[in-house]
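[1] this one's sequence-less:
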């Protein structure tokens with residue numbers, strides 16, 4: 001079964017991948033401004049290892065890698081770099097790039113088993129939780145020539161992200177506008193909600209993404225965090241920080257625009273968005289706050305075939321029987 005009609009049209013598929021590459025540029029430029037050349041190096045390493053792994057596998061299979069698969073792999077490599085703090089040693093984006101490329105190898109079959117970038121992000125956070133919790137202040141730069149910054153080097157300007165503080169029941173010293181524009185601490189490509197929002201609008205205008213999943217995700221995330229704020233935080237403030245911080249907007253842009261790991265129908269996309277939001281809040285409340293959204297995307301993309309099974313319309317003249325089979 002082919003999950004995306006764009007795979008039948010190479011021009012549309014390349015246009016889709018190219019547009020996703022374009023919206024990477026603004027967050028990347030801002031991350032270099034906020035964190036220095038090391039942010040660019042981390043992104044480059046992740047993309048390089050993702051492409052090298054994909055080309056290596058295709059070479060072993062004696063197959064030619066098509067341009068769309070390579071562009072999609074490059075996007076996945078960049079997105080996983082965006083989920084990393086600038087203080088990580090370089091072997092983490094190396095591993096993250098390789099892991100992000102794995103699901104793209106299924107693209108010729110019509111879909112990916114999970115979203116590659118968020119699978120890699122969730123995996124490296126599970127493997128290296130301490131290293132990936134070391135957020136540093138914006139505009140205090142770490143040298144790109146340090147393969148593995150020492151703990152003492154990082155601690156001199158280490159800080160907590162707004163989401164990490166929120167998980168501890170504390171309030172960030174920065175304002176909500178700081179989080180909106182991107183002048184707070186955080187992961188490389190997550191700190192500017194505004195630039196990611198512009199990317200989302202660009203994809204919507206270009207008709208490369210449907211509104212259903214991001215709107216359902218944002219609405220449910222806001223509703224649940226408003227009704228059940230954690231700790232003694234004021235409810236509206238807690239809701240806004242939950243939306244503006246962490247990977248929420250990164251997910252709305254790059255997970256929900258990845259049609260090859262998303263449900264086919266609009267109803268399925270709504271279910272995907274709602275499920276991702278509920279899982280995000282659940283994991284943030286009972287686990288590590290900043291990794292909740294990545295794991296939620298992986299879980300939901302893994303169950304996408306089940307969502308499709310029960311939301312795809314029945315062909316005319318055929319009926320569904322128990323278990324979703326025809």
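    Sure thing, it's come through. All figures in this text were calculated on a predicted structure; none of them were measured in a lab.

[2] Quick check: the most centrally placed residue in the chain vs residue 313, distance?
    By C-alpha atoms, centre = their mean, the chain has its centre lying nearest to residue 251, at 4.3 Å. Residue 251 sits 27 Å away from residue 313, going by C-beta to C-beta, to the nearest Å. Using the backbone N, CA and C atoms, a C-beta is placed for each residue, glycine as well.

[3] Report pLDDT for the residue nearest to the centre of the chain.
    Predicted confidence (pLDDT) for residue 251: 92.

[4] Doesn't it belong to a helix?
    Yes: secondary structure of residue 251 (DSSP: H, G, I helix; E, B strand; the rest coil): part of a helix.

[5] was I right about it contacting residue 279?
    No: contact criterion C-beta atoms under 8 Å: residue 251 and residue 279 do not qualify, at 11.2 Å.

[6] can you tell me how far the residue nearest to the centre of the chain sits from residue 277?
    10 Å.

[7] do residue 82 as well
    Taking C-beta to C-beta, one finds residue 82 at 20 Å from residue 277.

[8] number of nearby residues for residue 112?
    24 (other C-beta atoms under 10 Å).

[9] returning to that earlier point: spit out the residues that contact residue 251 and residue 277 alike.
    Contact criterion C-beta atoms under 8 Å, 6 or more residues apart in numbering; residues shared by residue 251 and residue 277: residue 217.

[10] Quick one: the helices in the stretch 51-200 of the chain, in order.
    67-82, 91-101, 116-127, 151-155, 162-167, 176-181, 193-205 (DSSP state H, counting those that start in this stretch).

[11] And the contacts of the fourth one?
    Counting by C-beta under 8 Å, 6+ apart, the neighbours of helix 151-155 from elsewhere in the structure are 87, 134, 136, 142, 146.

[12] Tell me which residues of it come out buried.
    residue 154 (16 or more other C-beta atoms under 10 Å).

[13] and it, how far out from the chain's middle?
    With C-alpha atoms, centre = their mean, to the nearest Å as the basis, helix 151-155 stands 27 Å off its chain's centre.

[14] Only the buried subset of the contacts of helix 151-155, as a ChimeraX command please.
    Entered in ChimeraX, the line below selects the buried ones among the contacts of helix 151-155, by 16+ other C-beta under 10 Å:
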select :87,134,136,142
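
[15] among the contacts of helix 151-155, which are in strands?
    The strands, defined by DSSP state E, take in nothing from the contacts of helix 151-155.

[16] is it possible to export the contacts of helix 151-155 to a markdown table including pLDDT and distance to residue 295?
    Converted to a markdown table, those look like this (pLDDT from 0 to 100; distance: C-beta to C-beta, whole Å):
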| residue | pLDDT | distance to residue 295 |
| --- | --- | --- |
| 87 | 92 | 22 |
| 134 | 85 | 20 |
| 136 | 86 | 24 |
| 142 | 89 | 27 |
| 146 | 89 | 29 |
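
[17] pLDDT score for residue 318?
    For residue 318, pLDDT reads 52.

[18] ok, now residue 39?
    95.

[19] before we move on, what about residue 96?
    You'll see residue 96 listed with a pLDDT of 96.

[20] what does residue 262 give?
    At residue 262, pLDDT is 90.

[21] What is the burial count for residue 177?
    Neighbours of residue 177 using other C-beta under 10 Å come to 11.

[22] OK, contacts around residue 243?
    218, 221, 222, 225, 249.

[23] Am I right that residue 211 is in contact with residue 204?
    Yes: counting by C-beta under 8 Å, residue 211 touches residue 204, with 6.6 Å between them.

[24] what is in contact with these two at once?
    What both residue 211 and residue 204 touch, as defined by C-beta under 8 Å, 6+ apart, is an empty set.

[25] Reformat the contacts of helix 151-155 as TSV; add distance to residue 58.
    Formatted as TSV, the contacts of helix 151-155 follow (distance: C-beta to C-beta, whole Å):
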residue	distance to residue 58
87	34
134	35
136	37
142	35
146	33
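
[26] Pick out whichever of the contacts of residue 243 sits closest to residue 71.
    Of all the contacts of residue 243, residue 249 has the smallest distance to residue 71: 22.1 Å, by C-beta to C-beta.

[27] so what's the closest one up against?
    190, 193, 196, 197, 200, 243.

[28] if I look at it, how far off is residue 186?
    11 Å.

[29] Residue 265 reaches residue 304, doesn't it?
    No: in this structure, residue 265 is not within contact of residue 304 by C-beta under 8 Å, at 11.0 Å.

[30] And the two? Which one has more around it.
    The neighbour comparison of residue 265 against residue 304 (other C-beta under 10 Å) goes to residue 304, with 23 against 17.

[31] and the closest residue to residue 206 other than its chain neighbours, what helix or strand is that in?
    Distances taken as C-beta to C-beta, 6 or more residues apart in numbering put residue 19 closest to residue 206, at 5.5 Å, once the chain neighbours are dropped. Element membership for residue 19 (DSSP states H and E) is helix 10-22.
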